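> Kindly generate the corresponding structure for this input.
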Amino acid sequence: MQARLVGLLALLAASTAVVAQPSKRDTVFFDDFKEGTLNRSKWNVEVTGHTVNDEQQAYVDSAATIYIENGTLVLKALYKPGYTSKQGNKYDFISGRINTSDKVMFTYGSASARMKVTGGEGMWPAFWALGKGKWPDCGEIDVMETVGDTTWTSNALHGPGYFGNTPLVYRAHFPKGTDATQWHVYSVDWTENSLTFKVDGLVTYKVTKAMAEKYGRWAFDNPKFLILNFALGGGYPNSVNKVSKPYYGLSQSSVDKIKGGDAKVYVDWVLVTK
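Prediction:
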């Protein structure tokens with residue numbers, strides 16, 4: 001009996017392993033960052049033109065803020081007082097943001113990323129998807145977002161009539177003993193009529209087309225591209241932490257982490273399947 005039970009468990013484990021590995025036919029996009037440098041046939045590097053949300057960083061194209069380390073993508077925030085953008089705007093911090101616009105666009109399917117982040121008030125990493133065109137009409141899907149409190153991650157949708165402090169948002173708390181500084185898989189399953197968010201395969205939040213249309217047009221029937229970024233401070237962090245000094249939404253302890261070279265977002269892989 002025991003031998004039969006062991007055999008059954010082994011069979012179930014094997015079946016699970018097979019299901020967990022999507023076939024090539026199902027894979028729309030995959031990057032495990034094993035090439036040593038960022039693959040620019042898959043990713044665009046964004047450079048700050050104008051800053052939104054009262055964020056405190058400038059995004060730059062630099063190996064100091066976007067690099068591969070031991071097969072892992074790192075987005076790193078740095079203290080760089082007096083940094084001046086091409087537009088003449090000055091910043092005290094620089095960081096990284098990448099996207100797949102026009103390189104990988106997808107409509108429906110599942111998008112996921114395995115990530116871990118640095119904690120600290122005002123640290124604002126995110127994994128999200130966005131349509132092309134005017135925001136918020138283009139539709140925004142926030143798969144993973146945190147503003148420094150690593151006990152939770154946020155899922156949200158933005159579209160016409162439900163943007164900014166959107167009513168379609170959910171704060172998913174981690175089980176006791178774990179947090180966002182540890183590795184987790186953040187994902188969304190996107191269909192014609194719903195978006196289902198998950199952390200480590202467990203459903204955290206689901207939004208249906210009917211729920212969104214209480215506020216405005218369903219903005220999730222058009223192609224989206226992926227974004228990974230590491231913002232600092234700004235309106236969303238401030239609304240949570242109420243910090244205004246030394247920087248809007250960014251605490252002194254977080255500034256100290258940045259100065260010490262300890263403000264990083266790690267991404268093991270990114271996957272889109274149909």
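> I'd like to know how many residues surround residue 182.
By other CB atoms under 10 Å, 12 other residues sit near residue 182. C-beta: built from backbone N, CA, C; applies to glycine.
> Leaving out chain neighbours, which residue sits closest to it?
Spatial nearest neighbour of residue 182, excluding adjacent residues (CB to CB, 6 or more residues apart in numbering): residue 116 at 5.7 Å.
> Could you spell out the sheet neighbours of the helix or strand encompassing the one you found, each with its direction?
Using DSSP states H and E, residue 116 sits in strand 109-117. Within its sheet, strand 109-117 is paired with strand 184-190 (antiparallel), strand 264-273 (antiparallel), according to DSSP bridges.
> For that strand, what is the distance to the chain centroid?
7 Å (CA atoms, centre = their mean, to the nearest Å).
> That strand: what's the following helix or strand?
strand 123-131.
> buried sites along stretch 261-274?
Buried positions in stretch 261-274, judged by neighbour count with 16 or more other CB atoms under 10 Å: 263, 264, 265, 266, 267, 269, 270, 271, 272, 273.
> need the contact list for the second one.
With contacts taken as CB atoms under 8 Å, 6 or more residues apart in numbering, residue 264 has the following neighbours: 74, 75, 76, 77, 117, 118, 230.
> Which of the residues you listed fall within strands?
74, 75, 76, 117, 230 (DSSP state E).
> Take those and lay them out in TSV including distance to residue 89, pLDDT and neighbour count.
As requested, the ones in strands among the contacts of residue 264 are exported to TSV (distance: CB to CB, whole Å; pLDDT from 0 to 100; neighbours: other CB atoms under 10 Å):
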residue	distance to residue 89	pLDDT	neighbour count
74	25	98	17
75	21	98	23
76	21	98	23
117	26	98	27
230	18	98	25
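> Contacts only, for residue 74.
66, 67, 68, 264, 265, 266, 267.
> ok, those vs residue 190, which is closest?
residue 267 (19.9 Å; CB to CB).
> Is it correct that that closest one is in contact with residue 230?
No. Residue 267 is not in contact with residue 230 according to CB atoms under 8 Å; the separation is 10.3 Å.
> Mutual contacts of the two, please.
Common neighbours of residue 267 and residue 230 (CB under 8 Å, 6+ apart) are residue 75.
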